[in-house]
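> Give me the fold of what follows.
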Amino acid sequence: MNLPFYSAEDVRSVVSMSEAIDAMKRAFVALSDGSAVVPNRINLPLEDQNGLHLSMPAYINGGKYNTVKLVNVHFDNPQKGLPLINGVILVMDAVEGSPLALIEGKSVTALRTGAGSGLATDLLANPNAKRGVVIGTGAQAKTQIEAIQCVRDLESIKIIGREKEKTEKFCNEFDTLVQPGNMDDLKKADIICTATTGETPLFDAGDVQPGVHINGVGAHKPNTRELGTALIQNAKVYIDQLSSSKAEAGDLLIPISEGHYDWDQIKGELGNLVSGKIRGRDSASDITIFNSIGNAVQDLVIAEMVIEKNEK
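Presented below is the predicted three-dimensional model:
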């Protein structure tokens, strides 16, 4: 068997960020209406390597394809100059069962994660949002920048990283709109994206202004989080999928386990917001949060486009 392999360059050459954001509507609606078949991902700890392996199958009823994404996350890699995330997506014919292709997984992960934030930002951020802050300087941070620029006409995006030199180098990959920042910039931000591997809160309610929209995408283990408890308590929180959040969303699980929050306080899933079944922002002063741990159906809809556009 000799399966075609689509590289990161192949992915980005055929799927734009705006197309990916539009595809997320289908993905999240399918999650919420039950047409997506997505078991909770298998999380295999690689403790002696300070890493973990994730296996994530997905299918949408009536679809042409099913996918399995296999990902390794090695937390020491950035310090070694190596990618934090490596992975591959296997695409199979859902009608006849045959394997069709392999797709480089890291690029799809970054693209769909950014696109999910782009969709949430479009639905939840104030229409006149002008100032963005992104915390993180990895591959996920790059697509967060691209996504929020797709849906809002921003005047500035400040980047907060742990290392000054690395942050400056990261910013140099973009135009002058993107500049190094610091934690004081959170107070002026209309949109904040967190894309880190941190295990404790990066900031809390007192560090942000009323009306801010926050995309929290970095924490995807039950014992890690990026957002403080008071922030969660004082915001309108939206998620990608309730069942997976109950298994892995540390930003929510930790305050719930401490008795400071409850699942009933969550406003709902993003797919139900897309379909108009739940309300979004009610006022300009609302703090809104999209707390995402990522979902394999997002990979599926991007993989579909990669396969079909490369076949043309």
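> tally of neighbours for Ile232?
26 (other CB atoms under 10 Å). No exception for glycine: its C-beta is placed from N, CA and C like everyone else's.
> That one sits in which helix or strand?
Assessed by DSSP states H and E, Ile232 sits inside helix 229-234.
> Would you mind pulling up the elements that that helix packs against?
Contacts defined by 3 or more CB pairs under 8 Å, 6 or more residues apart in numbering; DSSP states H and E place helix 229-234 against helix 250-257.
> Let me see the ranges of the helices in the stretch 101-250 of the chain.
Using DSSP state H, counting those that start in this stretch, the helices found in the stretch 101-250 of the chain span residues 105-124, 139-151, 164-171, 229-234, 242-248, 250-257.
> Mind checking those helices for the one nearest to Arg281?
helix 105-124 (5.6 Å; CB to CB).
> Now do the same contact list for Ser35.
Ile60, Asn61, Gly62 (CB atoms under 8 Å, 6 or more residues apart in numbering).
> nope, Val71 is what I was after
By CB under 8 Å, 6+ apart, the contact list for Val71 reads His53, Leu54, Ser55, Met56, Ile85, Asn86, Gly87, Gly105, Thr109.
> Which helix or which strand is home to the nearest residue to it once chain neighbours are set aside?
Closest residue in space to Val71, ignoring its immediate chain neighbours: Gly87 at 3.6 Å, by CB to CB, 6 or more residues apart in numbering. Under the criterion of DSSP H and E, Gly87 resides in strand 85-93.
> what's the angle between that strand and helix 105-124?
Relative orientation of strand 85-93 versus helix 105-124 (axes from the mean of the first three to the mean of the last three CA atoms, to 10 degrees): 90 degrees.
> Show me what strand 85-93 is packed against.
Using 3+ CB pairs under 8 Å, 6+ apart: strand 85-93 touches strand 65-74, strand 99-104, helix 105-124, helix 296-311.
> The helix holding Ile232: how far from the chain's middle?
20 Å (CA atoms, centre = their mean, to the nearest Å).
> what does it contact?
Helix 229-234 has contacts (CB under 8 Å, 6+ apart) with 201, 203-206, 208, 214, 251-252, 254-255, 258, 260-261, 265, 287, 289.
> PyMOL command for the buried members of the contacts of Val71?
Command for PyMOL that selects the buried part of the contacts of Val71, burial taken from 16 or more other CB atoms under 10 Å:
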select buried, resi 53+54+56+85+86+87+105+109
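> Quick one: which of the contacts of Val71 has the lowest pLDDT value?
The member of those with the lowest pLDDT is Ile85, and it reads 83.
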